[in-house]
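Engineer: Build me a model:
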Amino acid sequence: MRALPILALVVSPLVANPAWAVLQGVPSRDPDGLRRSVVSIESSTGELCSGVVIGVDVVLTAAHCMTDRAAYRVTALNRAFKPQRFNVTALAAHPTFVPGTTPRTQPGIDLAVVKLDRPLGVDFLPLDPRQAGRIDVGDQVTIAGFGVLSEKARSTARTLRHTRLVSLGPVQVANRVQIVADGSKLAETTGAGACRGDSGGPILAESSDGYQLYGITSWSSGALRTRTRSACGGLTAVTPLADHLGWIASSMRSLDAANGVWTGGQPPSSSRR
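Structural biologist: Numbers count the residues shown, from 1 in each chain. This next block holds a predicted model:
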């Protein structure tokens, strides 16, 4: 594979932003598929991210999605793909996360666990982070999220889409992330990948038994060879979960014990959308 030249260019001045939809992704229409485990997260300021269900009332996402002084709402899709809305009552951001930085310059771990105001229900399937595997170079992965089809097509957000990418390996930028990209483009020209709205969405391995959770989307970049500056369609940076399972488990316990107390990041405002 041509992974090494691409990874060497990750640290060059590419346009890179929070991964805000799955570029060139296909809508998820299987009622027993990804809609059971992937949700959207929207703030009262209008910012959109994605997340993955890891408990009956717990969602894992990117910490940078939860830094605004705002109220947050999670939207999940039932079997008929009708939105079911839940308020976020508490969160725990990874203790190394540094607010005020961009995801690409973030020196800490871009992960947050959020607690919902009530259980999601039997219609939804939590993915167990304790089974998180490690992504090797060349592994095929699936990304999913609720973002846009292109940066200029904001009206295409809030539809669950997914696509297949290939792992190019780990890289140290400000923190250590796993890089995935379109297997046919390898980020040299615009291809499939994360875009606006996908931050916090899951990176998954697909099998006949379902999906295994690998990591969380943090940021994305444009293609290496393009005349148009973009933050979509090139490299997708993933926070792998295998090294953070202890923190995720302890945070879930803490949020249960907090019983609705805001435990990390900015406190929610009293307003609700």
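Engineer: quick one: secondary structure of Arg104?
Structural biologist: helix (DSSP: H, G, I helix; E, B strand; the rest coil).
Engineer: so it touches Ala231, yeah?
Structural biologist: No: checked against C-beta atoms under 8 Å, the pair Arg104 and Ala231 is beyond contact range at 9.6 Å. Any C-beta I mention is one placed from the backbone N, CA and C, and that applies to glycine too.
Engineer: Can you show me the helices along the chain?
Structural biologist: 3-9, 245-258 (DSSP state H).
Engineer: Of the ones you listed, which shows the lowest average pLDDT?
Structural biologist: Of all those, helix 3-9 carries the lowest average pLDDT, namely a mean of 44.
Engineer: for Ala80, what are its contacts?
Structural biologist: For Ala80, the contacting residues are Pro31, by C-beta atoms under 8 Å, 6 or more residues apart in numbering.
Engineer: Look up the pLDDT of it for me, please.
Structural biologist: pLDDT, the model's per-residue confidence, is 94 for Ala80.
Engineer: domain assignment for this protein?
Structural biologist: Using automatic domain parsing, the domain parsing of the chain gives 3-27+129-242, 35-127+246-258.
Engineer: Among those, which one carries the weakest average confidence?
Structural biologist: The stretch with the lowest mean pLDDT among the domains of the chain is domain 3-27+129-242, at a mean of 78.
Engineer: number of nearby residues for the closest residue to Gly222 other than its chain neighbours?
Structural biologist: Spatially, and ignoring its direct neighbours in sequence, Gly222 is nearest to Ser230 (3.4 Å; C-beta to C-beta, 6 or more residues apart in numbering). Using other C-beta atoms under 10 Å, Ser230 has 22 neighbouring residues.
Engineer: Quick check: Ser230 vs Ser208, distance?
Structural biologist: Look at Ser230 and Ser208: by C-beta to C-beta, to the nearest Å, they are 36 Å apart.
Engineer: One more: Pro103?
Structural biologist: Using C-beta to C-beta, one gets 34 Å for the distance from Pro103 to Ser208.
Engineer: Then Ser40?
Structural biologist: If you measure Ser40 against Ser208 using C-beta to C-beta, the figure is 27 Å.
Engineer: These two: which is more packed in?
Structural biologist: Between Ser40 and Ser208, counted using other C-beta under 10 Å, Ser40 has the larger neighbour count: 26 against 4.
Engineer: which ones are touching the more buried one?
Structural biologist: Contact partners of Ser40, counting by C-beta under 8 Å, 6+ apart, are 48-51, 74-75, 146, 158, 160, 197.
Engineer: what's around the closest residue in space to it that isn't next to it in sequence, how many residues?
Structural biologist: Spatial nearest neighbour of Ser40, chain neighbours left out: Phe146 (4.0 Å); criterion: C-beta to C-beta, 6+ apart. Neighbourhood size, Phe146 [other C-beta under 10 Å]: 27.
Engineer: and Phe146, how far is that from Leu120?
Structural biologist: Note on Phe146: its distance to Leu120, by C-beta to C-beta, is 16 Å.
Engineer: next one: Tyr214
Structural biologist: When distances are taken as C-beta to C-beta, Tyr214 and Leu120 turn out to be 22 Å apart.
Engineer: Mind checking which of these two has more residues around it?
Structural biologist: Neighbours were counted for Tyr214 and for Leu120 using other C-beta under 10 Å; Tyr214 has more, 27 against 23.
Engineer: so that one makes contact with Leu204?
Structural biologist: Yes: in this structure Tyr214 lies within contact range of Leu204 using C-beta under 8 Å: 6.3 Å.
Engineer: Kind regards, and thank you for your time.
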